[in-house]
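Trainee: When you get a sec, could you give me coordinates for this:
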Amino acid sequence: MTIQDPIAALIAFLEADAPIVALVGTRIYGAESRVTEADNQPRYMLVVRTTGGIAQGYVDMMVPRVDFECYGATPLQAFTLYLALHEALKNLSRDVHNSTLLHLANQTAGPAQTRDEDTHWPLVWSSWNVWVGEASAT
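Mentor: Next comes the predicted model:
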């Protein structure tokens, strides 16, 4: 069995969400933003990364804790993107994305309005546990 990539599945899920795409276009990144984004920021952008998780033992499922950083040109824009993200993840139900079965997401912390430590771009951070099937769903 090859374990599936929860970040790739979440990105595929978010890229299919019309309200999020209306804000960020294709600027949804795993782990960190592209270096080329620096010349165009600040603007709407979403960064998704794992930061821990819950052990599941013998069940073929993982529950990573996933941090989402919602960027915008202003603090208000960053919060607007967070609200779209919150709506999408709150409504995530058992479905296959990028050959990976996503079951549900539960917010564990946030939202926290802040600025990126290095760039000072406005962002809203939130953390979610996401239930993900380990086996390929195709």
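Trainee: just the helices in the protein please.
Mentor: Secondary structure of the chain by DSSP state H: the helices cover 6-15, 18-24, 75-90.
Trainee: which of the residues in the longest one are buried?
Mentor: Buried residues in helix 75-90, counted by 16 or more other CB atoms under 10 Å: 77, 78, 79, 80, 81, 82, 84, 85, 86, 88, 89. All C-beta spots, glycine's among them, are computed from the backbone N, C-alpha and C.
Trainee: circling back to that earlier point, please convert the helices of the chain to JSON lines, extending it with distance to residue 33.
Mentor: Output for these, formatted as JSON lines (distance: least, CB to CB, whole Å):
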{"stretch": "helix 6-15", "distance to residue 33": "13"}
{"stretch": "helix 18-24", "distance to residue 33": "11"}
{"stretch": "helix 75-90", "distance to residue 33": "14"}
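Trainee: Looking at the ones you listed, which is nearest to residue 138?
Mentor: Shortest separation from residue 138 across the helices of the chain is recorded for helix 6-15, at 12.0 Å, computed as CB to CB.
Trainee: before we move on, the earlier item: quick one: closest of the helices of the chain to residue 99.
Mentor: helix 6-15 (7.8 Å).
Trainee: still on that earlier bit, let me know the closest of the buried residues of helix 75-90 to residue 128.
Mentor: For the buried residues of helix 75-90, the nearest to residue 128 is residue 89 (5.9 Å; CB to CB).
Trainee: correct me, but the closest one touches residue 128?
Mentor: Yes - at 5.9 Å, residue 89 counts as touching residue 128 under the criterion of CB atoms under 8 Å.
Trainee: one step back: would you turn the buried residues of helix 75-90 into JSON lines with distance to residue 4 and pLDDT?
Mentor: JSON lines is the format used below for the buried residues of helix 75-90 (distance: CB to CB, whole Å; pLDDT from 0 to 100):
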{"residue": "77", "distance to residue 4": "32", "pLDDT": "98"}
{"residue": "78", "distance to residue 4": "30", "pLDDT": "98"}
{"residue": "79", "distance to residue 4": "31", "pLDDT": "98"}
{"residue": "80", "distance to residue 4": "31", "pLDDT": "98"}
{"residue": "81", "distance to residue 4": "26", "pLDDT": "98"}
{"residue": "82", "distance to residue 4": "26", "pLDDT": "98"}
{"residue": "84", "distance to residue 4": "25", "pLDDT": "98"}
{"residue": "85", "distance to residue 4": "21", "pLDDT": "98"}
{"residue": "86", "distance to residue 4": "24", "pLDDT": "98"}
{"residue": "88", "distance to residue 4": "20", "pLDDT": "98"}
{"residue": "89", "distance to residue 4": "18", "pLDDT": "98"}
